[in-house]
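Chemist: Here is a sequence together with a model predicted from it:
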Amino acid sequence: MIYLKAGDAGRRFHCFIYTICCLLLFLAPPHVSHGAAPGDANNDGKISRADVTTVIDHILGATAPGNPDCNTDSVVNVQDVICLINILSTLPPPDPGEVAPPIDPTVATTVAGATEFIYTGSNPIQTGVAAGTIEPRRVAVLRGKVMDRDENPLPLVNLTILNHPEYGQTKSRDDGMFDMAVNGGGFLTVNYEKSGYLPAQRQVSVPWQDYVWLPDVILIPVDTQVTPIDLTNPDPLQVARGSVVTDNAGSRQATLLFPQGTTATLVKADGITQGITTLSVRATEYTVGSNGPKAMPAELPPTSGYTYCVELTADEVAAAGAVDVRFDKPLWFYLEDFIGFPVGSAVPTGYYDRQRGQWIASQNGRVLKIVAITGDLADLDTDGDGVADAVDQLSALVRDFINTITYSPQRHRER
């Protein structure tokens, strides 16, 4: 199958910072010289939210045992608080085993009591969880690991739950692992997102008061090969191609055709649309090598087989804050028949809808065969009888395509 395709605490913090700013108008900023790493204000060997408190105390006159001068300008002021906050936003969370409070052996331990530190306190692993969201009788903890295509741990992957903003977010740690508290009692879809990588989703059944392991997930970077497409171009056809991919299954190169006169519209999350005439197109294949199944955008339906999956993207979609780009007419997608489907056979096709968390079936493709090149144009067999078929809309379009990119006779193509 071919798959195409802040709260009261925040307000108090801001008011407190404003108060500090006012104090700094009257107090000379303290000069410092410490041996600890910049930002490690409490000298505990790491930078955490506790250092923010130490810097604020130092500004107000207390002595910092470490180095509160985060921005290394020899003065400690609000800019160092901002510096620390910026650093903290780029650090992965700690391992829960290192920060979990000790368990009282004299009383029975509940899942709720043993895991609430994940999403509560001054330095939670999971942020943005409103008080009262997690129900003690239903609490469950999701655990998983994120890697890159070479199976190296991938830190700082943002993890959320589809359609459940009340659970906030967490990030993967240096070892690629993550923990996230939710309410059990049904299916939840976990979003995996990291800048520069294609997102993924995994659905999991979550019981009450338990720990649930998700399958390992691989995130892949977008293809480095990009094709500029000008939809006002008068040429009859424009071609966008991804990088050549080779593994044990063979070699292939995703190809997308834009007929003359095609128009495109960006669609934003709120439904607002915006016309666009230039696109920077990429085609990134998921199904590469033995780790392809872990890299899929989502697990396949039980009735679908794992064959080929590609992400077709335009850089302008994300740049405009849009969620989709739509065209007024079909675009043609072609791929070498590296799987070996029979000529003329239908190719079941679908796409993954991330907003709905579902695979959606679409119109089938077809396996074509170039039986000859006549006058630099392709003669096509579209039904498997070994004979070139009469020119129709499909073969005429492919002939224009062959005029641009040459393929040898006897080569199969999937459309």
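Modeler: Structure's in. What do you need?
Chemist: Give the next helix or strand downstream of the helix-or-strand element of the chain with minimal mean pLDDT.
Modeler: Ranked by mean pLDDT, DSSP states H and E, the helix or strand of the chain with the weakest confidence is helix 8-24, at a mean of 32. The helix or strand immediately downstream of helix 8-24 is helix 49-59, counting by DSSP states H and E.
Chemist: Which elements pack onto that next one?
Modeler: helix 8-24, helix 78-88 (3 or more CB pairs under 8 Å, 6 or more residues apart in numbering; DSSP states H and E). Every C-beta, even on glycine, is put in place using the N, C-alpha and C of the backbone.
Chemist: same thing but at 7 Å, please
Modeler: The contact analysis (3 or more CB pairs under 7 Å, 6 or more residues apart in numbering; DSSP states H and E) places helix 49-59 against helix 78-88.
Chemist: and the helix it packs on with helix 49-59, angle?
Modeler: 180 degrees (axes from the mean of the first three to the mean of the last three CA atoms, to 10 degrees).
Chemist: Could you export helix 78-88 as PDB, CA atoms only?
Modeler: The C-alpha atoms that make up helix 78-88 are tabulated as PDB, following Å, rounded to 0.1, in the frame of the first residue of the first chain:
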ATOM      1  CA  VAL A  78      17.000  40.600  35.700                       C
ATOM      2  CA  GLN A  79      18.800  39.800  32.500                       C
ATOM      3  CA  ASP A  80      20.400  36.900  34.200                       C
ATOM      4  CA  VAL A  81      16.900  35.600  35.200                       C
ATOM      5  CA  ILE A  82      15.900  35.800  31.500                       C
ATOM      6  CA  CYS A  83      19.200  34.100  30.500                       C
ATOM      7  CA  LEU A  84      18.400  31.200  32.900                       C
ATOM      8  CA  ILE A  85      14.800  30.900  31.600                       C
ATOM      9  CA  ASN A  86      16.100  30.700  28.100                       C
ATOM     10  CA  ILE A  87      18.600  28.000  29.000                       C
ATOM     11  CA  LEU A  88      16.000  26.000  30.800                       C
END
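Chemist: Now the helix or strand following that helix: buried residues?
Modeler: The first helix or strand that comes after helix 78-88 along the chain, using DSSP H and E, is helix 96-99. Using 16 or more other CB atoms under 10 Å as the test for burial, helix 96-99 gives P96.
Chemist: Which neighbours in the sheet does the longest strand seen in the chain have, and how are they oriented?
Modeler: Using DSSP state E to define each element, the chain has its longest strand at strand 358-374. Neighbouring strands of strand 358-374 in its sheet, by DSSP bridges, are strand 346-353 (antiparallel), strand 377-381 (antiparallel), strand 411-414 (antiparallel).
Chemist: Quick one: mean pLDDT for the second one?
Modeler: For strand 377-381, the mean per-residue pLDDT is 82.
Chemist: Below-threshold pLDDT in the stretch 101-250 of the chain: ranges please.
Modeler: For the stretch 101-250 of the chain, no stretch has pLDDT under 70.
Chemist: how about the strands of it, start to end?
Modeler: 139-147, 158-161, 170-171, 177-183, 186-193, 200-206, 210-213, 217-218, 227-230, 237-241, 245-247, 250-252 (DSSP state E, counting those that start in this stretch).
Chemist: Mind putting the ones you listed into TSV with distance to G321 and mean neighbour count?
Modeler: Listed next are the strands of the stretch 101-250 of the chain as TSV, based on distance: least, CB to CB, whole Å; neighbours: other CB atoms under 10 Å:
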stretch	distance to G321	mean neighbour count
strand 139-147	25	21
strand 158-161	17	19
strand 170-171	22	23
strand 177-183	26	23
strand 186-193	15	18
strand 200-206	20	18
strand 210-213	33	13
strand 217-218	25	23
strand 227-230	20	15
strand 237-241	23	19
strand 245-247	30	16
strand 250-252	33	15
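Chemist: S89 is nearest to which of the ones you listed?
Modeler: S89 lies closest to strand 170-171 among those, at 9.9 Å (CB to CB).
Chemist: What are the contacting residues of the closest one?
Modeler: With contact meaning CB atoms under 7 Å, 6 or more residues apart in numbering, strand 170-171 is reached by 92-93, 125-126, 156-159, 178-180.
Chemist: Name every strand pairing with that strand and say which way it goes.
Modeler: In the sheet, strand 170-171 lines up with strand 158-161 (antiparallel) (DSSP bridges).
Chemist: K329 is nearest to which of the strands paired with strand 358-374?
Modeler: Comparing those by CB to CB, strand 346-353 comes nearest, at 17.0 Å.
Chemist: Could I get the average pLDDT for that closest one?
Modeler: 93.
Chemist: what separates that strand from the chain centre, distance-wise?
Modeler: 21 Å (CA atoms, centre = their mean, to the nearest Å).
Chemist: Out of the contacts of strand 170-171, flag the one nearest to A264.
Modeler: N158 (28.4 Å).
Chemist: how close does the residue nearest to V139 when sequence neighbours are not counted sit to P101?
Modeler: Excluding its sequence neighbours, the residue lying closest to V139 (CB to CB, 6 or more residues apart in numbering) is A112, at 4.8 Å. Using CB to CB, to the nearest Å, A112 is found at 13 Å from P101.
Chemist: Neighbour count for the two, which is higher?
Modeler: A112 (16 against 10; other CB atoms under 10 Å).
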